[in-house]
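# coordinates for the following, if possible.
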Amino acid sequence: MQAALKRNTVVLSGGKIELDAPELPEGATVEVIVMLSEKDTPQTLPRRSVLEIIAALGGHRLFASAEDVDRHLQRERDSWE
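Predicted coordinates for the structure are as follows:
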């Protein structure tokens, strides 16, 4: 007997699938793995780093650089005295 069988089928109403494999012995325990075909899987977006995503937001950042943050914090500290 084969260690694996490959079948193509269509998902039926209610998310059900039906497989025919007459070569499998009745009562045998089998493992079923379901994978969507590549043509039906959604295309994933190219992976981007967090910094790229933040940079793409534009206009939503209070400070343009770490130096700007340091200057702002120093002004705040100075105002406490």
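# buried ones in the longest helix that the chain contains?
For the chain, the helix with the greatest residue count under DSSP state H is helix 66-79. Across helix 66-79, burial judged by 16 or more other CB atoms under 10 Å covers no residue at all. Backbone N, C-alpha and C define where each C-beta goes, glycine included.
# packing partners of it?
Packing partners of helix 66-79 (3 or more CB pairs under 8 Å, 6 or more residues apart in numbering; DSSP states H and E): none among the helices and strands.
# what's the spacing between it and its chain's center?
Centroid displacement of helix 66-79 relative to its chain, using CA atoms, centre = their mean, to the nearest Å, is 39 Å.
# what of stretch 64-81?
For stretch 64-81 - counting by CA atoms, centre = their mean - the centre lies 39 Å from the chain centre.
# list the contacts of that stretch.
Contacts of stretch 64-81 with the rest of the structure, by CB atoms under 8 Å, 6 or more residues apart in numbering, involve Phe63.
# C-alpha coordinates for it, CSV please?
Presented in CSV, the C-alpha positions along stretch 64-81 are these (Å, rounded to 0.1, in the frame of the first residue of the first chain):
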residue,chain,number,x,y,z
ALA,A,64,12.1,63.3,12.8
SER,A,65,15.1,61.9,14.6
ALA,A,66,16.4,60.7,17.9
GLU,A,67,18.2,64.0,18.4
ASP,A,68,14.9,65.8,18.1
VAL,A,69,13.5,63.6,20.9
ASP,A,70,16.6,64.3,23.1
ARG,A,71,16.2,68.1,22.6
HIS,A,72,12.5,68.0,23.4
LEU,A,73,13.1,65.9,26.6
GLN,A,74,15.9,68.3,27.7
ARG,A,75,13.6,71.3,27.2
GLU,A,76,10.9,69.6,29.3
ARG,A,77,13.4,68.8,32.0
ASP,A,78,14.7,72.3,32.0
SER,A,79,11.2,73.7,32.4
TRP,A,80,10.7,71.7,35.7
GLU,A,81,13.3,73.8,37.5
